[in-house]
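A.B. asks: The sequence and its predicted three-dimensional model are supplied below.
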Amino acid sequence: MKLYYRKYGEVGVPLIIIHGLYGSGDNWAGIARELSEYFEVYAIDQRNHGRSPHDDVHSYEAMRDDLAGFMDRLKIRRAILLGHSMGGKTAMFFAERYPERVQTLISVDMGPGPYHDLAEMSHFAADHAAMMDAMLGLDLSSMEGREDIDRALAPHIGSDRIRGFLLKNVGRNENENFEWRINLKVLRKNLDNILDGLDITAISKKGGITGFPALFVAGERSDYIRPQDHVMIKSVFPAAEIVSIPNAGHWVHVEQPELLIKNIRYFLSV
């Protein structure tokens, strides 16, 4: 699949930003510009998101292969991979298959394990099934403005911040009616795949994924990377360092962009 991307900067090592569920490369434009002073930054749209093609398949194996194809197309032999949430998991699946093509791995608020039960275990975690069902239940063609969509979602998604983030995926079609730009039906159908993880036991038995430094950035008010997960993370990525960003939930890049950039720069020594 030929992924859409935006490029920032012309110097330095290639750094590829991989957004999370409901996101796009545009969500990372500010951080990409900051990092472009030191790196050749590429912000991609993953399949079924942003301006990249839609497809009935949505799995980490497919997204891993999309990333490999993107790097091949742009003749990027090796890169720093910076992924958030689903994008962090894409980077990990890529690192498992192609460790020699990873210079550094940075995962923002995503560990290598599965997350099927997280919404039940934590009040901080989004219930993606409920969110997607609420979004799919709207008749966007009857909505006159984004405010109408926001009001319709409010009884189901209480967070103003999360609704605002989701509404970035709303656009008008050729008939000037609102529609979801993400492939919402396919994402809902493949939600179990999105919540999957690496085979922790098999990878650990082989000594983990090595050959490059790795940084895992947790949001302090998020349960996607908990203290009890640190041992598991290091069993998969033995060289991993783990940091926590204060006063940040799962969307660290939105809530604490300056602190995130500071930690990335420090880890990459720029």
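C.D. replies: Noted; the coordinates are in hand.
A.B. asks: can we go C-alpha only for contacts and neighbour counts from here?
C.D. replies: Noted.
A.B. asks: What residue, apart from its backbone neighbours, is nearest I44 spatially?
C.D. replies: Y5 (4.2 Å; Cα to Cα, 6 or more residues apart in numbering).
A.B. asks: quick one: contacts for the one you found?
C.D. replies: Contacts for Y5 (Cα atoms under 8 Å, 6 or more residues apart in numbering) come out as G25, Y42, A43, I44, D45.
A.B. asks: do the same with Y224
C.D. replies: Contacts of Y224 by Cα under 8 Å, 6+ apart are D109, M110, G111, L118, A125, A218, H250.
A.B. asks: hmm, back to that, against P246, how distant is the residue nearest to I44?
C.D. replies: According to Cα to Cα, to the nearest Å, Y5 stands 30 Å off from P246.
A.B. asks: cool, and P53?
C.D. replies: The gap separating P53 from P246 is 36 Å, by Cα to Cα.
A.B. asks: Could you break this structure into its assigned domains?
C.D. replies: Per automatic domain parsing, the structural domains of the chain span 5-117+196-268, 119-191.
A.B. asks: Please enumerate the strands of the stretch 151-270 of the chain.
C.D. replies: Taking DSSP state E, counting those that start in this stretch to define them, one finds strands in the stretch 151-270 of the chain at 170-172, 178-180, 214-219, 240-245.
A.B. asks: quick one, which of those is nearest to S59?
C.D. replies: Smallest distance to S59 across the strands of the stretch 151-270 of the chain (Cα to Cα): 20.2 Å, for strand 178-180.
A.B. asks: who does that closest one touch, helix- and strand-wise?
C.D. replies: Secondary-structure packing of strand 178-180 (3 or more Cα pairs under 8 Å, 6 or more residues apart in numbering; DSSP states H and E): strand 170-172.
A.B. asks: Run through who's touching the strand it packs on.
C.D. replies: F178, E179, W180, R181.
A.B. asks: what's the answer for stretch 39-49, then?
C.D. replies: 1, 3-19, 22-26, 28-29, 32, 35, 51-55, 58, 63, 66, 181-183, 186-187.
A.B. asks: got the contacts of Y224 as JSON lines, with pLDDT and secondary structure columns?
C.D. replies: Shown next, in JSON lines, are those (pLDDT from 0 to 100; DSSP: H, G, I helix; E, B strand; the rest coil):
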{"residue": "D109", "pLDDT": "97", "secondary structure": "coil"}
{"residue": "M110", "pLDDT": "97", "secondary structure": "coil"}
{"residue": "G111", "pLDDT": "97", "secondary structure": "coil"}
{"residue": "L118", "pLDDT": "70", "secondary structure": "helix"}
{"residue": "A125", "pLDDT": "53", "secondary structure": "coil"}
{"residue": "A218", "pLDDT": "97", "secondary structure": "strand"}
{"residue": "H250", "pLDDT": "91", "secondary structure": "coil"}
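A.B. asks: Tell me which two of those residues sit farthest apart.
C.D. replies: L118 and A218 (15.0 Å).
A.B. asks: between the two, which one's more packed in?
C.D. replies: A218 (28 against 16; other Cα atoms under 10 Å).
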